[in-house]
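>>> Make a model of this:
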Amino acid sequence: MVRDSIIAWAVRQKLIKADEWSLPVVAETWDGWLNDINGFHVKQEDVFAALDSAKTGPVAEGNAGGGTGMVCYGFRGGTGTASRVLSKENGGYTVGVLVQCNCGRRPQLTIAGVPVGKEITGNEPYARVDEPQLPGSEEKGDVGSIIIVVATDAPLLPHQLKRIARRASLGLARTGSVSGNGSGDIFIAFSTANPHADDAPGPNPVQTVSTERISPLFEATVEATEEAIVNAMVGAKTMTGINGHTVNALPHERLQHVLKKYNR
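This next block holds a predicted model:
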């Protein structure tokens with residue numbers, strides 16, 4: 001429904017013609033622990049309103065948008081962002097990362113190399129005693145998911161962007177996740193460079209970063225991904241959702257105490 005609504009909105013805005021083919025990318029993470037996912041509450045008018053109100057500027061983090069019902073490492077997850085700017089010697093390019101994190105088990109959580117999930121215990125997500133455990137619990141393992149979008153103004157070819165997208169998994173791993181069997185991890189990357197590469201009739205000039213100089217972009221992707229996940233958790237608030245399910249936010253003071261304990 002969301003994909004069809006996006007197509008309808010694009011036709012209404014005359015971004016595509018009615019007889020043109022379109023298939024937008026729509027990713028999802030399962031939020032059924034906190035959200036009534038079978039209620040079908042999101043209608044076409046909601047999608048239209050979201051697209052009409054979209055704007056540039058800072059992205060709301062934590063309990064925002066599609067990140068509202070996320071659970072990450074047994075704490076509240078959500079939407080997070082981070083970026084890196086390369087040095088002038090490395091091209092001065094910017095790499096931005098947006099995540100919607102809904103993955104991991106509590107004991108896995110690692111921040112700045114510190115085993116935070118093993119240090120902060122006792123406030124795991126809970127429900128009624130007659131209900132099954134939350135996905136991501138010790139009983140079910142890591143069956144969560146995460147969406148990671150990497151954007152850059154560096155001129156990169158499609159095969160180079162695939163390599164960038166793969167590096168997002170390294171940033172995710174730094175926070176402790178091993179992408180369990182039931183975990184749906186979606187990584188995509190795009191470049192805003194070469195905006196006229198597909199202009200008709202062509203041929204058109206295309207710039208690209210040398211493969212020998214791409215490593216700084218890899219590093220920026222890994223670092224920004226790791227930070228975006230942490231930002232999502234730090235920005236999230238405790239929430240009680242459907243059926244009285246409650247997921248607590250990452251406690252800031254306890255986090256600071258643990259990091260100081262390890263000289264971070």
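>>> where do the helices sit along the stretch 51-200 of the chain?
116-119, 158-174 (DSSP state H, counting those that start in this stretch).
>>> What residues of the first one count as buried?
I take that to be helix 116-119. 116-117 (16 or more other C-beta atoms under 10 Å). Yep, even glycine has a C-beta here, placed from its N, CA and C like the rest.
>>> what packs against that helix?
helix 252-261 (3 or more C-beta pairs under 8 Å, 6 or more residues apart in numbering; DSSP states H and E).
>>> How far off centre is the helix it packs on?
Relative to its parent chain, helix 252-261 has a centroid offset of 24 Å by C-alpha atoms, centre = their mean, to the nearest Å.
>>> now do stretch 194-211
Distance of stretch 194-211 from its chain centroid, counting by C-alpha atoms, centre = their mean, is 29 Å.
>>> again, but for stretch 61-69
Using C-alpha atoms, centre = their mean, the mean C-alpha position of stretch 61-69 is found 10 Å from that of the whole chain.
>>> Alpha carbons of that stretch, as PDB, please.
C-alpha atoms of stretch 61-69 as PDB (Å, rounded to 0.1, in the frame of the first residue of the first chain):
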ATOM      1  CA  GLU A  61      16.000  11.000  15.800                       C
ATOM      2  CA  GLY A  62      14.700   8.300  18.200                       C
ATOM      3  CA  ASN A  63      10.900   7.800  18.300                       C
ATOM      4  CA  ALA A  64      10.300   9.400  14.900                       C
ATOM      5  CA  GLY A  65       8.600   8.400  11.700                       C
ATOM      6  CA  GLY A  66       9.100   4.700  10.800                       C
ATOM      7  CA  GLY A  67      11.500   4.500  13.800                       C
ATOM      8  CA  THR A  68       8.600   4.900  16.300                       C
ATOM      9  CA  GLY A  69       8.100   1.300  17.200                       C
END
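>>> Residue 238 reaches residue 248, doesn't it?
Yes. Applying C-beta atoms under 8 Å as the test, residue 238 and residue 248 come out as touching, 4.9 Å apart.
>>> Need the nearest residue in space to residue 84, chain neighbours excluded.
residue 220 (3.7 Å; C-beta to C-beta, 6 or more residues apart in numbering).
>>> same thing with residue 23?
residue 3 (7.6 Å).
>>> before we move on, which element is that neighbour in?
According to DSSP states H and E, residue 3 maps onto helix 2-12.
>>> Appreciated, that's everything.
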